[in-house]
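Visitor: What shape does this take:
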Amino acid sequence: MEVVPYKGKDTTKKEQVQEMFDNIAPKYDLLNRVLSVGIDILWRKKLISKIVPSKPEFILDVATGTADVAIEIARTLNPQKIIGLDLSDLMLNEGRKKVRDLKLDYIIELIQGDSENLKFKDNTFDAITVAFGVRNFEDLEKGLYEIQRVLKSGATLAILEFSKPQDFPVKQLYKFYFSYILPKLGKWVSKDSAAYTYLPESVQNFPQGKEFLLILEKTGYKNCKCTPLTFGISSIYSAQKQ
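Guide: Presented below is the predicted three-dimensional model:
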């Protein structure tokens, strides 16, 4: 069964995800810092470290949101160009403010678009990143195929996504926090009761670890690796286009 933010609505998952992020956009950065106790900043730095060795110059950040990853890439690599793409234009507006304030608009361009229907030519990008975005794809394999299509041969895809810890007591603490504390905090701050109920449900139903690596291989990637972070609360998946 497909997990969607707003159960009972007669709209697609893609439309609901866009609506959800439009709703929480003004509070998104605050919620990220509070709900992750700031550790999401370190996770994003580790994500970017996966693309550093190849020194990419033209980079796509899929599901860029408020552009945290794009901004960190600009600071770390100072590439020629970063394009941040997201379904939610209201999230992008928050990102555009940050990019302008940091005077990075000469490197970073934020555009509204669909990760499953990318408007770029084949073999365009030197690297692609996705932070907490693939879980929201309506058609996961289609999105990964599209990303593979616009990557240059041998170029790196780096994905950061939530995962499920397996060891006691982190597994139990994580489940309690994700199921009971996070939804209440998210609703209180964002005023959207669905957004932070959808989060644990979507994590629970997302293919993880070896299962996700097999999907990456199926959709045209090689050297697929999974790096667990912080007791397995999140994971980085890295791969290259064949």
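Visitor: Following element in sequence after the strand ranked longest in the chain, please.
Guide: In the chain, taking DSSP state E as the definition, the longest strand is strand 151-162. Next helix or strand after strand 151-162 toward the C-terminus (DSSP states H and E): helix 170-176.
Visitor: then that next one to CSV, C-alphas only?
Guide: Only the C-alpha atoms of helix 170-176 are listed here, as CSV (Å, rounded to 0.1, in the frame of the first residue of the first chain):
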residue,chain,number,x,y,z
VAL,A,170,18.6,2.5,19.8
LYS,A,171,16.0,0.6,17.9
GLN,A,172,13.4,1.0,20.7
LEU,A,173,14.3,4.6,21.5
TYR,A,174,14.2,5.6,17.8
LYS,A,175,10.8,3.9,17.3
PHE,A,176,9.3,5.6,20.3
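Visitor: now that helix, how far from the centre of its chain.
Guide: 22 Å (CA atoms, centre = their mean, to the nearest Å).
Visitor: could you say what helices and strands the longest strand of the chain packs with?
Guide: In terms of contacts (3 or more CB pairs under 8 Å, 6 or more residues apart in numbering; DSSP states H and E), strand 151-162 is packed against helix 39-49, strand 125-131, strand 234-241. For every residue, glycine as well, the C-beta is placed using N, CA and C.
Visitor: make it 10 Å
Guide: For strand 151-162, the packing partners by 3 or more CB pairs under 10 Å, 6 or more residues apart in numbering; DSSP states H and E come out as helix 39-49, strand 58-62, strand 125-131, helix 140-150, helix 195-205, helix 210-218, strand 221-229, strand 234-241.
Visitor: That one - what's its average pLDDT?
Guide: The average pLDDT for strand 151-162 rounds to 97.
Visitor: Just the buried positions in it, please.
Guide: 151, 152, 155, 156, 157, 158, 159, 160, 161, 162 (16 or more other CB atoms under 10 Å).
Visitor: coming back round to it: and the helices and strands packed on strand 151-162 as CSV, adding distance to residue 173 and mean neighbour count?
Guide: Putting these into CSV (distance: least, CB to CB, whole Å; neighbours: other CB atoms under 10 Å) gives the following:
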stretch, distance to residue 173, mean neighbour count
helix 39-49, 14, 17
strand 58-62, 31, 25
strand 125-131, 23, 26
helix 140-150, 28, 19
helix 195-205, 13, 19
helix 210-218, 23, 15
strand 221-229, 16, 15
strand 234-241, 15, 22
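Visitor: which stretch among the ones you listed comes nearest residue 111?
Guide: Closest to residue 111 of the helices and strands packed on strand 151-162, according to CB to CB: strand 58-62, at 10.1 Å.
Visitor: Quick check: buried residues in the next helix or strand after that closest one?
Guide: Downstream of strand 58-62, the first helix or strand assigned by DSSP H and E is helix 68-77. Across helix 68-77, burial judged by 16+ other CB under 10 Å covers 68, 69, 70, 71, 72, 73, 74, 77.
Visitor: looking just at contacts, which helices and strands does helix 68-77 meet?
Guide: By 3+ CB pairs under 10 Å, 6+ apart, helix 68-77 packs against helix 28-35, helix 39-49, strand 58-62, strand 81-86, helix 89-101, strand 108-112, strand 125-131.
Visitor: Recalculate using a threshold of 8 Å.
Guide: Looks like helix 68-77 contacts helix 39-49, strand 58-62, strand 81-86, helix 89-101, strand 108-112, strand 125-131 (3+ CB pairs under 8 Å, 6+ apart).
Visitor: For my notes, please list the ones you listed in a markdown table and give mean pLDDT and distance to residue 29 for each entry.
Guide: Formatted as a markdown table, the helices and strands packed on helix 68-77 follow (pLDDT from 0 to 100; distance: least, CB to CB, whole Å):
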| stretch | mean pLDDT | distance to residue 29 |
| --- | --- | --- |
| helix 39-49 | 96 | 10 |
| strand 58-62 | 98 | 16 |
| strand 81-86 | 98 | 14 |
| helix 89-101 | 98 | 7 |
| strand 108-112 | 98 | 15 |
| strand 125-131 | 98 | 13 |
